[in-house]
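Visitor: Structure here, sequence nowhere to be found:
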């Protein structure tokens, strides 16, 4: 059907189509503008000094913050992803549909997703840093992020599991497989794309988080080789590093350069997750 007949016979549908395309183009334009702004402002100020191992007020190196970001991201994902997946499996496969505990958990996770990140930071300071004695440390910051991203992982995994047709489960049961084997050999592998989508979203939130890490993890910029993997030391991530530089107002050029590195890091992590998902699906013959 050509455009003229579409407008003539279905004017409302054509109008909605134009609005949808317009909204999509607007979002793409805003995204390209933001990325272009960061690249134009930051790329000219990238220099070898920014990647020096030792941080000083002269080089304002982002390397310690980059390493801290990778360490905190790895710890938070290793703790939150298994917990979130197992919780979602319980909600979908074991808990009775419509039961009170399912409704309670869903309301709780949805509520936790809407809590401002600064509240998580204050909780991490009071519980992990003070009550548990972790102090201002990467471990306290990582545990705070675990609590923050856990609801996201649970909800996305739950939706992915719910999207798996019941026929898959019934076919597995019909072949003599038990419930646990069906979950791990049929249901979870089929839901991998949805699960990885939640992991990608959680990773992006971890890498870009600032307020939740200011209090429990601290803002120490430097790092020594002997304490690289010491989780009880204080340290700043890339997002916190960029925030501190911009608030000081003395290193705006380095802040823009840090934003470029942060953008590349997020894109790289998302790309790795996408490639892993495609290979898993190709291995199962679903692509």
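Guide: Right, received. Where do you want to start? Predicted model, so just to flag it, every value in this text is computed and none were measured.

Visitor: which residues of the chain fall in helices?
Guide: 3-9, 11-42, 63-89, 100-113, 117-124, 138-162, 166-174, 179-182, 188-190, 192-207, 211-214, 238-248, 252-283 (DSSP state H).

Visitor: looking at the chain, which helix or strand is least sure?
Guide: Lowest mean confidence among the helices and strands of the chain (mean pLDDT, DSSP states H and E): helix 3-9, at a mean of 58.

Visitor: For residue 248, the count of nearby residues, please.
Guide: 11 (other CB atoms under 10 Å). Any C-beta I mention is one placed from the backbone N, CA and C, and that applies to glycine too.

Visitor: Low-confidence ranges, the chain, go.
Guide: For the chain, the stretches flagged by pLDDT under 70 are 1-11, 224-226, 281-287.

Visitor: Touching, residue 147 and residue 119? I think so.
Guide: No: in this structure residue 147 lies outside contact range of residue 119 using CB atoms under 8 Å: 10.5 Å.

Visitor: More neighbours: which of those two?
Guide: Higher neighbour count among residue 147 and residue 119: residue 147, with 19 against 13, using other CB under 10 Å.

Visitor: could you check the distance from that one over to residue 206?
Guide: For residue 147, the distance to residue 206 (CB to CB, to the nearest Å) stands at 12 Å.

Visitor: how about the helices of the chain in a markdown table, adding distance to residue 131?
Guide: Output for the helices of the chain, formatted as a markdown table (distance: least, CB to CB, whole Å):
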| stretch | distance to residue 131 |
| --- | --- |
| helix 3-9 | 63 |
| helix 11-42 | 39 |
| helix 63-89 | 18 |
| helix 100-113 | 19 |
| helix 117-124 | 10 |
| helix 138-162 | 10 |
| helix 166-174 | 43 |
| helix 179-182 | 36 |
| helix 188-190 | 35 |
| helix 192-207 | 23 |
| helix 211-214 | 17 |
| helix 238-248 | 23 |
| helix 252-283 | 31 |
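
Visitor: quick one, which of the ones you listed is nearest to residue 49?
Guide: helix 252-283 (9.1 Å; CB to CB).

Visitor: and that closest one with helix 238-248, angle?
Guide: 160 degrees (axes from the mean of the first three to the mean of the last three CA atoms, to 10 degrees).

Visitor: Could you pull up the residues touching the residue nearest to residue 222 when sequence neighbours are not counted?
Guide: Using CB to CB, 6 or more residues apart in numbering and skipping the chain neighbours, the partner closest in space to residue 222 is residue 55 (4.4 Å). Neighbour list for residue 55: 61, 63, 64, 221, 222, 223 [criterion: CB atoms under 8 Å, 6 or more residues apart in numbering].

Visitor: Can you select the buried ones among these for me in ChimeraX?
Guide: Entered in ChimeraX, the line below selects the buried ones among these, by 16 or more other CB atoms under 10 Å:
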select :61,63,64,221,223
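
Visitor: Hmm, residue 64 is touching residue 227, no?
Guide: No: using CB under 8 Å, residue 64 is not in contact with residue 227; the gap is 10.4 Å.

Visitor: Can you list the buried residues in stretch 269-279?
Guide: By neighbour count with 16+ other CB under 10 Å, stretch 269-279 contains the buried residues 269, 270, 273, 277.

Visitor: what's the closest of the residues you listed to residue 178?
Guide: For residue 178, the nearest member of the buried residues of stretch 269-279 is residue 277. The distance, counting by CB to CB, is 27.1 Å.

Visitor: Quick check: residue 68 vs residue 13, distance?
Guide: When distance is defined by CB to CB, residue 68 is 52 Å away from residue 13.

Visitor: Could you check how far the closest residue to residue 51 other than its chain neighbours is from residue 264?
Guide: Leaving aside its chain neighbours, residue 51 sits nearest to residue 63 (5.2 Å; criterion: CB to CB, 6+ apart). Per CB to CB, residue 63 is found 14 Å from residue 264.

Visitor: cool, residue 78 as well?
Guide: Separation of residue 78 from residue 264 (CB to CB): 23 Å.

Visitor: Quick check: closest non-adjacent residue to residue 64.
Guide: Distances taken as CB to CB, 6+ apart put residue 223 closest to residue 64, at 3.9 Å, once the chain neighbours are dropped.

Visitor: likewise residue 102?
Guide: In space, residue 102 comes closest to residue 95 once its chain neighbours are excluded; the distance is 4.9 Å by CB to CB, 6+ apart.

Visitor: need the contact list for residue 197.
Guide: 156, 160.

Visitor: try it again with 10 Å
Guide: When contacts are counted by CB atoms under 10 Å, 6 or more residues apart in numbering, residue 197 touches 156, 157, 159, 160, 273, 274, 277.
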